[in-house]
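Asks: 3D, please:
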Amino acid sequence: MGGGIARVAVEAGFAVVLYDVATAALERARRRLEEAWRRHEQEGRVPPGTAAERLGRLQTTTDLGAVAPAAVVIEAAPEDLGLKQDLLASVGRRVRPEALIASNTSSLSITALARVVPGPERVIGLHFFNPVPAMRLVEVVAGALSAPEAVARGVDLARRLGKEPVVCADTPGFVVNRVARPFYGEALRLLGEGAAGVETIDALVRAAGFPMGPFQLMDLIGVDVNLAVTRSVFEGYGGEARYRPHPIQQQLMAAGWLGRKAGRGFYRYGEAGEPVGVAWRGWRQVAAGSGLAGNSPETGPAAAGGQATGAEAIGGQEGLPGRLWVVGDGPLAQALGERWAEAGVEVERIRELREALQRPAGVTGPKTAGIPGAAAAPAPGAAQANPAGPAVTAASTAAATAETPAAPGTPETSAAPETSETSATPATPVPPPAPASAGGPLPAAVVITWEDLDPLAPGFWSQALEDLARLEAGLPPGVLLLVSLLPGPVAEQAWVLVHPQRVVGWAAAPPLGQAVELAAGPTTSPAALARARSWFERAGLAAHPVADGPGGVAARMVAMLIQEAAAAEADGIAEGEAIDRAMRLGTGYPRGLLEWGALWGWRRVLALVEGLWRHYREERYRPLPALRRRALRESKRPGGRASRAPGGTSPGAGRHRVGRRLGEVHRGTGGPW
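Replies: Sure thing, here's the model as predicted:
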């Protein structure tokens, strides 16, 4: 990186001395710079003679004493604390007292480096990003010993070099390397859990607007480099669970699969460095003897390390009849409604689930009204009556298999593998509903975005499930239910329903792009999956199968990134605007994360993180105070929406019926509740 910093300094008009202990490294750096500048001349990007003039201002040397006249010294040695301390102490003894001394470290403490330097107040961090000529961001790091004047000089220098400076505190990872940790950590966690494979996760993240997927980027950076930064941040924050390294990276390190530079990482690479297939396919295939061999392209979540979800069997169906109800008041509900309307679908937008319960075609209470053939809601703790099969009792677990006859043209596969702990409950086929003209205002499908949730309200999720159960009990069995995964998995939502076989989970990160994730619940029928895919494809969205889990893939990653940015601002590492600018410029994110949180809605982000916490009960997923405070500030009135439960009742109301049923289920399964 030292050569890149020297290049931008020369191009900015400075005279530069490039020091290294190795003559060969200096010769190589000078040759590369000369080639780049002469190429610019040939392309007409600079006047003739520019290359020679620039080379005249570049001196290379193995004598550290040659830096003595310098007004600014930027150190870019390998990331070793002792090595950098020795080098900077030597520099400090040679240069003038007023010289600015900066380290390009990406992970070491500026304060620890400065304390060994004569005049530590003149030592700051100037963290450039690779490749230096192309990346606009420079983190200007103020250590505990850094004088404000030194920091101001660093900001001015960065601007003279044509860069965008972001001032930040001397904390582990500074801004970018701390805030970006969930981008890698959540992707690795999802891969390890079998939620989806390498290619699928990368594709979903790109569809959300990121320039590269996490596994592509780790291979480009180097698996070893990325792991070293993760370890540094993890240790620097005292073992904070959010930054814990994942064993998958350690396994790749042990195998020597360091990414593109090694020819293998998460992907395999050809002679020209182009990816030619997935290399790491998951521990399930490793155990079967094929995981590290990885010689064929990924074909789905089962092949990519995920357990079978039934989503691989999704197939399109023509002639979807009827209208759609889209329930929610956020950006996803609006975008989905617009996409379907543009495709000629009759769409009815409903702001929140409570409103749907009051419609003439909806239900008004536990006993349904207004829908011909609607079933009554089951009594508390009672078995769920299945009109075409055995009862689903409260002792059944989320691993029960829906072995449903497939719709015509749909492969006959189960929605989830049967486990030895439970017996499978045959699910009822989900017939398409009658056309709207024949069945009045009934929808063919109901899309629940859960964007109307208020995670600040006590018992909000139990109340939401109560409302979902009331709605579903009043819908004929042929009506498809498409429920968002953002606050919780399909399995958790399906347990309270009369006809769980018609429930399909979906997820996307707003703003809606060109893809959506689909997940089968434990009893979801293949016919329901096929219809779900057809509906989303009709909206122009590519449907990617993922395993059932809270938050899906892309939205989960984005929410954790947003929370980390909010926490970094709350910790005083940098101003909010600076954090957003750093993440756009330093990582290429499509928008600043705090900006993204405001676009999505802070309560919706909190609802997703609350869902992760409810599911895992791990410190890694605890909702942070910074996120909760932003959700509170977003409230529209004093006391916020948290002052009452979503159903318009007292905070505890509605929890007893659904909560008791779910409690009975999870006592028998060791589930997350």
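
Asks: drop to CA atoms for contacts and neighbour counts, all remaining ones
Replies: Noted.

Asks: for whatever helix or strand Ala530 lives in, list the C-alpha coordinates in CSV.
Replies: Using DSSP states H and E, the element containing Ala530 is helix 526-538. The C-alpha coordinates for helix 526-538 follow below in CSV (Å, rounded to 0.1, in the frame of the first residue of the first chain):
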residue,chain,number,x,y,z
PRO,A,526,-45.2,-27.7,-2.3
ALA,A,527,-48.3,-26.3,-4.0
ALA,A,528,-48.2,-23.3,-1.7
LEU,A,529,-44.5,-22.7,-2.6
ALA,A,530,-45.2,-23.0,-6.3
ARG,A,531,-48.0,-20.4,-6.0
ALA,A,532,-45.8,-18.1,-3.9
ARG,A,533,-43.1,-18.1,-6.4
SER,A,534,-45.5,-17.5,-9.3
TRP,A,535,-46.9,-14.4,-7.4
PHE,A,536,-43.5,-12.9,-6.9
GLU,A,537,-42.3,-13.7,-10.4
ARG,A,538,-45.4,-11.9,-11.7
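
Asks: burial of Val345, as a residue count?
Replies: 19 (other CA atoms under 10 Å).

Asks: who does the closest residue to it other than its chain neighbours bridge with?
Replies: Spatial nearest neighbour of Val345, excluding adjacent residues (CA to CA, 6 or more residues apart in numbering): Arg323 at 6.4 Å. On the basis of DSSP bridges, Arg323 is bridged to Pro443.

Asks: surely Arg323 touches Pro443?
Replies: Yes: taking CA atoms under 8 Å as the definition, Arg323 is a contact partner of Pro443 at 4.8 Å.

Asks: more neighbours: which of those two?
Replies: Just comparing Arg323 and Pro443: by other CA under 10 Å the higher neighbour count belongs to Pro443, 27 against 20.

Asks: how about low-confidence regions in this protein?
Replies: For the chain, the stretches with pLDDT under 70 are 283-321, 360-441, 636-673.

Asks: mind doing that once more with 90?
Replies: Residue ranges of the chain with pLDDT under 90: 1, 107, 272-273, 281-322, 354, 356-442, 477, 635-673.

Asks: mind listing what the spatially most central residue of it touches?
Replies: Residue closest to the average C-alpha location in the chain (CA atoms, centre = their mean): Met557, at 1.4 Å. Listed by CA atoms under 8 Å, 6 or more residues apart in numbering, the contact set of Met557 reads 182-183, 186-187.

Asks: let's see if you can find the most crowded of these.
Replies: Ala187 (27 neighbours).

Asks: in which helix or strand does it reside?
Replies: helix 181-193.

Asks: give me the contacts around whichever helix or strand comes after that helix.
Replies: Beyond helix 181-193 on the C-terminal side, the first helix or strand identified by DSSP H and E is helix 198-207. Applying CA under 8 Å, 6+ apart, the contact partners of helix 198-207 are 187, 191, 212-216, 266, 278, 280-281, 298, 300-301, 304, 513-516, 544, 553-554.

Asks: can you flag which of these belong to strands?
Replies: Counting by DSSP state E, the members of the contacts of helix 198-207 that fall within strands are 278, 515-516, 544.

Asks: most neighbours, which of those residues?
Replies: Going by other CA under 10 Å, Val516 tops the ones in strands among the contacts of helix 198-207 with 26 neighbours.

Asks: my guess is it contacts Ala543. True?
Replies: Yes: in this structure, Val516 is within contact of Ala543 by CA under 8 Å, at 5.1 Å.

Asks: break the protein down into its domains, please.
Replies: 2-170, 183-287, 311-403+425-545, 559-646 (automatic domain parsing).

Asks: touching the helix or strand hosting Gly92 from outside, list them.
Replies: Per DSSP H and E, Gly92 falls inside helix 81-94. For helix 81-94, the surrounding residues in contact (CA under 8 Å, 6+ apart) are 64-65, 67-68, 75, 77-78, 101, 108, 113-114, 116-119.
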